[in-house]
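Chemist: Here's my sequence, what's the structure:
(one chain, ligands or ions: 1)
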Amino acid sequence: MRKNIVAGNWKMNLNRTEGIALVEDVLAKLPTDNNTHVVFAPSFVYLHKVAKMCANTSKVAAAAQDCSSNEKGAFTGEISANMIASCNARYVVLGHSERRANFKESNELLKTKVGQAFTNNLKVIFCCGESLVQRESGVHFDWINTQISESLFHLSSEEFKNIVIAYEPIWAIGTGVTASTDQAQEIHAFIRNILVDQYGLEVALSTSILYGGSCKPSNAKELFASQDIDGGLIGGASLNSDDFIAITQSF
Ligand code: PGA
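Modeler: Next up, the predicted model:
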């Protein structure tokens, strides 16, 4: 009923030549019967090129890693949601913990970015997740609930169908430490329950909830076998085509 999605978040990695070679390789090796939706989130600089490479395949799409909270104007260096949509990207990743930490992105700001994305018909991969300190002090459920509700719960049920949630515990990102399947499933089920409360069962059951944080071929199968884990947002392992393809085949 809901989509399985494997999204590669390249972050600030791969130059144009390397990025194009990776997409070519993945597209060439991706089995035709692969029922998983695949998303590449490259740098803005060649988003257009990657989107074009994905154009012939409905199950493969390009995503931006961020968008501006402003529509347009005197914001030197910023990239608007409209510019992203005009490059034929179909998704934008919002609220990644690196952006929350490095650029002080608040739930309120992200709400505005979600608005810009939706005005331009982009689907949103919305990231949430707790730090180790938060988990150890037991506030992680409340924290995640607040991240999701403050940035997303103004949306109507119809609008929410264009949201993908990515649960990414900060302590697992780029560290090699993956959340155990039980830890991840517990949070995914929690997230789905708050979606049931806000939007009802139909929307909650049709929302894809991805796991991110040191997800790789060796652990993807077990993670994706969980009831509420519908795929992954992959950093490091998305930079290698064989690893990335292996993850797409882990359902
Ligand atoms: P990682 O990154 O797979 O390298 O841990 C995931 C992410 O930050 O999206």
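
Chemist: Point out the residues in the stretch 101-250 of the chain that sit beside the ligand.
Modeler: Within the stretch 101-250 of the chain, the positions lying close to the ligand (Cβ under 6 Å from any ligand atom) are 168, 173-174, 212-215, 233-237. C-beta here means a position set from N, CA and C on the backbone, and glycine is covered the same way.

Chemist: Export those as CSV, with columns for distance to Leu122, secondary structure and pLDDT.
Modeler: As requested, those are exported to CSV (distance: Cβ to Cβ, whole Å; DSSP: H, G, I helix; E, B strand; the rest coil; pLDDT from 0 to 100):
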residue, distance to Leu122, secondary structure, pLDDT
Glu168, 20, coil, 97
Ile173, 23, coil, 92
Gly174, 26, coil, 89
Gly212, 19, strand, 97
Gly213, 24, coil, 96
Ser214, 27, coil, 95
Cys215, 24, coil, 96
Leu233, 16, strand, 98
Ile234, 20, strand, 98
Gly235, 21, coil, 98
Gly236, 25, helix, 97
Ala237, 25, helix, 98
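
Chemist: Quick check: the closest residue to the ligand within the stretch 101-250 of the chain vs Cys215, distance?
Modeler: At 2.2 Å from the ligand, Gly235 is the closest residue in the stretch 101-250 of the chain, using Cβ to the nearest ligand atom. Per Cβ to Cβ, to the nearest Å, Gly235 is found 8 Å from Cys215.

Chemist: From the residues of the stretch 101-250 of the chain next to the ligand, pick the one nearest Ile194.
Modeler: Glu168 (16.8 Å; Cβ to Cβ).

Chemist: So the closest one is in contact with Glu98, correct?
Modeler: No: counting by Cβ atoms under 8 Å, Glu168 does not reach Glu98; the two are 9.7 Å apart.

Chemist: neighbour-wise, which of the two wins?
Modeler: Taking other Cβ atoms under 10 Å, Glu168 and Glu98 do not tie; Glu168 has more neighbours (27 against 19).

Chemist: what sits against that one?
Modeler: 96-97, 127-129, 211-213, 233 (Cβ atoms under 8 Å, 6 or more residues apart in numbering).

Chemist: hang on, the earlier thing: most surrounded residue in the residues of the stretch 101-250 of the chain next to the ligand?
Modeler: Cys215 leads these on contacts (other Cβ under 10 Å) with 31 neighbours.

Chemist: same for whichever helix or strand His48 is part of, what does it pack against?
Modeler: Here His48 sits within helix 47-54, counting by DSSP states H and E. If you count contacts as 3 or more Cβ pairs under 8 Å, 6 or more residues apart in numbering; DSSP states H and E, helix 47-54 packs onto helix 16-29, strand 60-64.

Chemist: list the buried ones in the longest one?
Modeler: Residues 19-20, 22-23, 26-27 are the ones in helix 16-29 that count as buried (16 or more other Cβ atoms under 10 Å).

Chemist: what's the answer for stretch 135-146, then?
Modeler: Buried, per 16+ other Cβ under 10 Å, within stretch 135-146: 135, 140-141, 143-145.

Chemist: same deal with stretch 168-187?
Modeler: Within stretch 168-187, the residues that qualify as buried are 168-173, 178-179, 181, 184-187, counting by 16+ other Cβ under 10 Å.

Chemist: chain center to the lengthiest helix in the chain, what's the gap?
Modeler: Longest among the helix segments of the chain by residue count, using DSSP state H, is helix 181-199. Taking the mean of its C-alpha atoms, helix 181-199 sits 16 Å from the chain's own mean (Cα atoms, centre = their mean, to the nearest Å).

Chemist: Give me the contacts around that helix.
Modeler: By Cβ under 8 Å, 6+ apart, the surrounding residues in contact with helix 181-199 are 128, 140-141, 144-145, 148-149, 153, 157, 160, 165, 167, 169, 179, 203-205, 207, 209, 211, 222-223, 225-229.

Chemist: likewise stretch 144-164?
Modeler: By Cβ under 8 Å, 6+ apart, stretch 144-164 touches 5, 91, 94-95, 107-108, 110-111, 114, 118, 122-126, 128-130, 165, 167, 187, 190-191, 194-195, 198-200, 203, 206-210.
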